[in-house]
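> Model the structure of this input:
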Amino acid sequence: MQNQLIIRRKEMKQALKIVAIIVVIAAAIIGCNRVDLAAPTLISPADGAPLYSGLTFIWSSGQEAEEYVIHVWTGSTDVIQETLTDTTYVMSDSAFSALTYGAYNWAVASVAGSRQEWSETRSFSLSQPGAPVLIAPEDGAIFDAEPPTFVWHADSLNPDYVIRVVFTTDTSTVLEDTLTDTTYAMSTEVFDGLTNGTYSWWVGSVVTNGLILSSTRTFDIDKPILLDLDTTYFPFGLSYEWKFEQHEHGYDDSDAWNNYDTFRVWVVDSFWVSDTLFIQLQSEGTRSYPGQIYELSNPVKIINDSIPISMPGYFFTAHDTIPLSTKHDTTLTATYGLTSAYSENLLSINLEYERGVSDECCYNRLSRQKGIGTLSQRFGCDSPWASSTTYDRLLYFYNGQDTVYKVD
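Okay, here's the model as predicted:
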């Protein structure tokens, strides 16, 4: 019996030796087949790169990596330490705006189970780009035919830019655009739509929290303004002359009247101030209203292809602006019941109102013909106890060379 136990113990020892040998061989085989974990290779941003806006970190995949850890820090302060499976990490705008200017470090680790392999460490710096430096056009430049081309210089950070052009008279923005180039040519369409006057312009470098502005320059637009007034309701030219017959009639509780007279109006001068054409009239007659043309000032003002008119009422004056361009069957209502109506080749301007608290009704009525000017103007007041009317009608119109209108 004892001999049998001894034999069995020997058999067990031999079996254990065999198992141990198998384990050693298996471990050796597994060790030979396992591939080492590789660290990722950093791609962007480049080492030492200066940056001014959003951050995107890019690296190549590490062999055997199951995921990655990105670490960004400055000094002893951790900025980012996150685990992800992608090989790109985009910092959010809010996180980027919280960073301060200065130097930063970054590295990425490949992770597989409990193993980690770190990449090299790179650095980058957050810098604020300098303000653009304006080059052209020079301050105070004048453009009369061709639109300006704006040129500026920027530093090597090469951010996006915003250019803005403002009309200084009313501070309205006439041009604003965002671009990456340092040259901007104003289009002919925009230039043609601008009025004569002074404009200011600047360029801003776009950063995460706003714009870094250049200095401001100005330029003037002084385009020649060509108006063919002979095709409008207000044909004014040097030596143009109109002669009118004036008929005043009416009555009140003590008298009645019925008088005729004549007066003439002619153009003596015209000149430009910025985008306004002034036309100086002279008159000969007995009426006191300016230049004998009831709704116009003297000098007449033509502003941006329109002409301002005014008609006095009782303790008020009604105003409107009449386009010089052709209108058909259009009525524009302005203040205090003043209306301007176009029909065919005629322009009618009317103002009707009640004077004071009485039953007296007053009116101003004027008719203009295209290419001729004022055909008639009538103004007066009517009440149960009185009436007064002044009626002027055109007798002839002379355009400096010919008499182009004469009453029958």
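
> following the helix or strand bottoming out on mean pLDDT in the chain, which helix or strand shows up next?
Sorted by mean pLDDT, DSSP states H and E, the helices and strands of the chain end with strand 330-333, the least confident at a mean of 48. Following strand 330-333 in sequence order, the next helix or strand is strand 339-343 (DSSP states H and E).

> Now do that following strand, average pLDDT.
Mean pLDDT, computed over strand 339-343, is 79.

> Partner strands of it and their direction?
Applying DSSP bridges to the sheet, strand 339-343 is found paired with strand 330-333 (antiparallel), strand 346-354 (antiparallel).

> Do a quick rundown of the helices in this protein.
2-33, 93-97, 188-192 (DSSP state H).

> Least confident of those helices, on average?
The bottom spot among those, by mean pLDDT, belongs to helix 2-33, with a mean of 57.

> wait, doesn't residue 186 sit right on residue 137?
No: Residue 186 is beyond contact range of residue 137, at 10.3 Å (criterion: C-beta atoms under 8 Å). Quick note: C-beta positions are derived from backbone N, CA and C, even for glycine.

> anything in contact with each of those two?
Among the neighbours of residue 186, those also in contact with residue 137 (C-beta atoms under 8 Å, 6 or more residues apart in numbering) are 148, 149, 150.

> Neighbour count: residue 186 and residue 137, which is higher?
residue 186 (20 against 17; other C-beta atoms under 10 Å).

> mind checking how far the more buried one is from residue 221?
To residue 221, residue 186 is 10 Å away according to C-beta to C-beta, to the nearest Å.

> do residue 408 as well
48 Å.

> which one of those two has more residues nearby?
residue 221 (19 against 2).

> OK, contacts around that one?
Residue 221 makes contact with 142, 143, 144, 191, 194, 195, 196, 197, 199 under the criterion C-beta under 8 Å, 6+ apart.

> Mark which of these are buried, thanks.
For these, a burial check counting by 16 or more other C-beta atoms under 10 Å picks out 143, 191, 194, 196, 199.

> Looking at those residues, which gets the smallest pLDDT?
On pLDDT alone, residue 196 ranks lowest of the buried ones among the contacts of residue 221, at 84.

> just checking, it touches residue 224?
No: using C-beta under 8 Å, residue 196 is not in contact with residue 224, being 9.3 Å away.

> ok, so of the contacts of residue 221, who is nearest residue 106?
Of all those, the one with the least separation from residue 106 (C-beta to C-beta) is residue 199, at 46.1 Å.

> and the closest one, what does it touch?
165, 166, 167, 168, 174, 218, 219, 220, 221.

> who does the third one bridge with?
The partner list for residue 167 in beta bridges (DSSP bridges) reads residue 172, residue 199.

> so residue 376 touches residue 395, yeah?
No: under the criterion of C-beta under 8 Å, residue 376 is not in contact with residue 395, lying 11.0 Å apart.
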